[in-house]
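Asks: I'll drop the sequence and a predicted model, then ask my questions.
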Amino acid sequence: MSRDVALDRVTMRFGAITAVRDVSLTIGAGEFFSFLGPSGCGKTTILRMISGFMEPTSGAIRIGGQDMRGIGPNKRPTALIFQNLALFPLMTVGENIGFGLEVRGVPKVERHSAVQRLLDLVALPDAADKRVTELSGGQRQRVAIARALAVEPSVLLLDEPLSALDLKLRQHMRAELRAIQRRTGVTFIYITHDQGEALTMSDRIAVMNHGVIEQVGDGASIYDHPDTAFVAAFVGEANRFAGTVAEVADGIAALDTPVGRLLGRNPRGLRPGDRAVLFVRPERMREDGAENALAARVSHCDFEGAFVTAVLETADGVRLQVHTPHRGGALPFPPESAARVGFCAGDAVVLPPGDAA
Amino acid sequence: MRAVLEPALRRYGAPLTVTLLVMSAAWVLLMIALPQLLMVDYSLRPMLPPSKLGGPEDVHTLRNYGTLWSNAIHLGIFLKTVWGSALVTAVTLALSYPMAFYLAQVAPKRKLPTLVLMLVVPFWINEILRTFAWYIILAYNGPLNALLVGLGVWAEPVRLLGGDGGVIAGMVYVYVLFMVLPIYNAIETLDRHQIEAAHDLGAGWIAIHRRIVVPHAKPGIAVGCIMTFMLAAGSYAVPALLGGPQSRWFTEIIYNWFFEGGNWNQGAAYAFILLVLCVGFILLMMRLFRVGLTDIAR
Ligand SMILES: Nc1ncnc2c1ncn2[C@@H]1O[C@H](COP(=O)(O)OP(=O)(O)OP(=O)(O)O)[C@@H](O)[C@H]1O
Ligand SMILES: [Mg+2]
């Protein structure tokens, strides 16, 4: 049975450092929810508070409606998968997976069948008697997942579990994790600083910075409609132009920048005179100059198979990235040539500067 | 052997390597093996006046070893020494394990140097003085009696010295570091996440120690037990100072054979019996904890 997790004005201070500041959000039962943010932003701290290794300085954590204050990690309906997995090296794979049941006093025979069921679930049917040290990185990963699932948690917490794996395995494990989550229906709370991971796996994502949640939403809304400069810069790539708002009308702001006046959406209701930054994704840039036209020189152009990435520089030294799909024929941006590029106002967003990463 | 020799040859060259080898061999032979062999020889001959040495009675015999079994008092003291040393080891282990765990996993890292220093400083004082401190503490008119009488535990002072209790308490104090340090070293290498993972999976403190910490610390526990047992069984100063005639230790009997009875042959035999006991204890510990020599040497 999966349960929802509610954080209510949760703050965690370590002496002078505030690792997590006034975080409120509700993670639905059975949801795959990710916390995404740079190193040191407080992700692990949030996870450790949910799992019960730390009590928040202030605020409340509720799981399935029940306040968790004063309830230890061994009594919470959560299971944590550690950043370094923390498998028990002196036990076999089977003993590792059965550990949670063993300490609950489940008899050996039942334990055996449960372990075998979990090994089948994570596609390691013959590994029960192996030593943990005999396994590959990906196999250990699966053992850690099986060990955590053995105690039938309502909420599974994962702290960057894929960060130690190589790229291929990481991509494979993403799909696998997602499949396991669907099969078990357990609420997954996943921590990562890898935006690709967060975007591909999650139902919803919370983007964190300096202990604060900057935005919560599904992958597309975070990517397409960032609320803050930090989110726009941290998730995906973006060309950015800093400047001052000149005029606003109909949800569009005109920004005076070193490369001229540029138009973009104005979701935060900036007013003329405000300092702001305009963000536009490289794949929204077009070869023809649309509403916002820029003259630039091609510095270099990388052919990546499915698409082409060109890096351009304007006369004022502003660098621009352009992604265009490759449809055969000659490559679009010959190096050292002059080019005109642009973007629609609807594809760009103007946001307060904040602390853009 | 090759693995040791080849780097040495490369590093020092043949002449120097040979010299070093010969010198080490000579050291082991002359300073360690030869005296011990002489003692073995002593222990296997009867004590004879000089005039009969080399005579028909000067033969190898196991009679000196047999003495222990025919002398009920000595046998009693021997068995009590075995039992007492085992008790000292057990009590020391019971005290040291929580200390070592606290130091290795719980204590804040910045407090660690102070704590370790507090533990080690008493060991800069030699064993006799450390024992003597207990002599004062346990005295009839000493502070411990005063405290316990003051607290109303006892109505009047109790004789604490001269019995087995005092000897065992003194030994625990004198040898505790030899138990704490190896266990600390072992537990220190345990990744804290292992403990947290076990806790997260529902284990309480007893299960965490039984399934995670103790198995990891086994080599350290084995080393600590071996050291403490050997030190206790071979201890002379502590029973001599804190014990009395009723609580004699086997080492005191050996001492008496050598220096009061003047019977080196008999003394040597008793000393070897003690040695065999200790070796037996080492093997037992290695069996019990399922650790090999390499684990211990780690
Ligand atoms: N036990 C602690 N004592 C003091 N400060 C801490 C403690 N744990 C975390 N911090 C601080 O809190 C902040 C957030 O740490 P946290 O481990 O949550 O970051 P993170 O987002 O998980 O980073 P990473 O991606 O590097 O794992 C950091 O500044 C860190 O130094
Ligand atoms: Mg972390």
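Replies: Okay, I see it. Ligands and ions are numbered 1, 2, ... in the order given.

Asks: neighbours of residue A:1, how many?
Replies: When neighbours are defined as other C-beta atoms under 10 Å in any protein chain shown, residue A:1 has 12 of them. Just so you know, the C-beta spots here come from the backbone N, C-alpha and C atoms, and that holds for glycine as well.

Asks: state the distance from it to chain B.
Replies: Remark: distance between residue A:1 and chain B (C-beta to the nearest C-beta, to the nearest Å) = 17 Å.

Asks: roughly how far does that residue sit from residue A:151?
Replies: According to C-beta to C-beta, to the nearest Å, residue A:1 stands 13 Å off from residue A:151.

Asks: check residue B:280 too.
Replies: Distance, residue B:280 to residue A:151, by C-beta to C-beta: 44 Å.

Asks: and for residue A:100, the neighbour number?
Replies: Around residue A:100 sit 26 other residues, with neighbours defined as other C-beta under 10 Å.

Asks: wait, a strand at it?
Replies: No - Residue A:100 is assigned helix when assessed by DSSP: H, G, I helix; E, B strand; the rest coil, not a strand.

Asks: mind listing what it touches?
Replies: Going by C-beta atoms under 8 Å, 6 or more residues apart in numbering or on different chains, residue A:100 touches A:79, A:147, A:150-151, B:201-203.

Asks: now do the contacts for residue 120.
Replies: Picked chain A for this. Contacts of residue A:120 by C-beta under 8 Å, 6+ apart: none found.

Asks: look at chain B instead
Replies: residue B:177.

Asks: what's around residue 14, how many residues?
Replies: You didn't pick a chain, so chain A it is. Other residues near residue A:14 number 11, with proximity taken as other C-beta under 10 Å.

Asks: switch to chain B, please.
Replies: Residues contacting residue B:14 under the criterion other C-beta under 10 Å number 9.

Asks: quick check: phi and psi on it?
Replies: Per-residue torsions, residue B:14: phi -60, psi -50 (degrees, to the nearest 10).

Asks: tell me how far it lies from ligand 1.
Replies: Applying C-beta to the nearest ligand atom, to the nearest Å, the value for residue B:14 to ligand 1 is 54 Å.

Asks: and if you look at residue A:75?
Replies: Residue A:75 is 22 Å from ligand 1, by C-beta to the nearest ligand atom.

Asks: show me where the stretch 151-300 of chain A has its helices.
Replies: A:167-184, A:195-201, A:219-224, A:229-234 (DSSP state H, counting those that start in this stretch).

Asks: got TSV for those helices, with mean pLDDT and mean neighbour count too?
Replies: Shown next, in TSV, are the helices of the stretch 151-300 of chain A (pLDDT from 0 to 100; neighbours: other C-beta atoms under 10 Å in any protein chain shown):
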stretch	mean pLDDT	mean neighbour count
helix A:167-184	87	15
helix A:195-201	91	19
helix A:219-224	94	16
helix A:229-234	93	24
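
Asks: export these to a markdown table and tack on distance to ligand 1?
Replies: Output for the helices of the stretch 151-300 of chain A, formatted as a markdown table (distance: least, C-beta to the nearest ligand atom, whole Å):
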| stretch | distance to ligand 1 |
| --- | --- |
| helix A:167-184 | 16 |
| helix A:195-201 | 13 |
| helix A:219-224 | 18 |
| helix A:229-234 | 13 |
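
Asks: make JSON lines out of those helices and add distance to residue A:331.
Replies: Output for those, formatted as JSON lines (distance: least, C-beta to C-beta, whole Å):
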{"stretch": "helix A:167-184", "distance to residue A:331": "26"}
{"stretch": "helix A:195-201", "distance to residue A:331": "26"}
{"stretch": "helix A:219-224", "distance to residue A:331": "27"}
{"stretch": "helix A:229-234", "distance to residue A:331": "28"}
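
Asks: if we compare those helices, which one ends up closest to chain B?
Replies: Chain B sits nearest to helix A:167-184 of all the helices of the stretch 151-300 of chain A, at 16.7 Å, using C-beta to the nearest C-beta.

Asks: mind giving me the packing neighbours of the closest one?
Replies: helix A:108-121, helix A:137-150, strand A:187-192, helix A:195-201 (3 or more C-beta pairs under 8 Å, 6 or more residues apart in numbering or on different chains; DSSP states H and E).

Asks: just those: most buried one?
Replies: strand A:187-192 (a mean of 25; mean count of other C-beta atoms under 10 Å in any protein chain shown).

Asks: so residue B:246 sits in a helix?
Replies: Yes - looking at residue B:246 with three-state DSSP, it is inside a helix.

Asks: quick one: contacts for residue B:255?
Replies: B:236, B:267.

Asks: let's see it at 10 Å
Replies: B:236, B:240, B:249, B:261, B:267, B:270-271 (C-beta atoms under 10 Å, 6 or more residues apart in numbering or on different chains).

Asks: the helix or strand it falls within: what's the following helix or strand?
Replies: Element membership for residue B:255, per DSSP states H and E: helix B:250-255. Note on helix B:250-255: by DSSP H and E, the next helix or strand toward the C-terminus is helix B:264-288.

Asks: list the buried ones in that following helix?
Replies: Neighbour-count burial for helix B:264-288 flags B:264-274, B:277-278, B:281-282, B:285-286 (criterion: 16 or more other C-beta atoms under 10 Å in any protein chain shown).

Asks: quick check: the residue of the stretch 51-200 of chain A nearest ligand 1.
Replies: residue A:193 (5.1 Å; C-beta to the nearest ligand atom).

Asks: isn't residue A:154 up against residue A:189?
Replies: No - contact criterion C-beta atoms under 10 Å: residue A:154 and residue A:189 do not qualify, at 11.2 Å.

Asks: what's the overlap in contacts for these two?
Replies: A:5, A:78.

Asks: check what pLDDT the residue of the stretch 51-200 of chain A closest to ligand 1 gets.
Replies: Looking at residue A:193, its pLDDT is 90.

Asks: tell me who's in contact with it.
Replies: Residues in contact with residue A:193 (C-beta under 10 Å, 6+ apart) are A:35-41, A:43, A:160, A:163, A:208, A:234.

Asks: can I get the buried part of those residues as one ChimeraX selection?
Replies: Here is the ChimeraX command that selects the buried residues among the contacts of residue A:193 (16+ other C-beta under 10 Å):
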select /A:35,36,37,41,43,160,208,234
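
Asks: tell me which of the contacts of residue A:193 fall in strands.
Replies: A:35-36, A:208 (DSSP state E).

Asks: distance to residue B:42 and pLDDT added to those residues, as a markdown table?
Replies: Compiled in a markdown table, the ones in strands among the contacts of residue A:193 are given as follows (distance: C-beta to C-beta, whole Å; pLDDT from 0 to 100):
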| residue | distance to residue B:42 | pLDDT |
| --- | --- | --- |
| A:35 | 76 | 96 |
| A:36 | 79 | 96 |
| A:208 | 78 | 95 |
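
Asks: ok, residue B:104 touching residue B:217?
Replies: Yes - Residue B:104 lies in contact with residue B:217 (C-beta under 10 Å); the separation is 8.8 Å.

Asks: so for the two, which residue has more residues nearby?
Replies: Taking other C-beta under 10 Å, residue B:104 and residue B:217 do not tie; residue B:217 has more neighbours (26 against 22).
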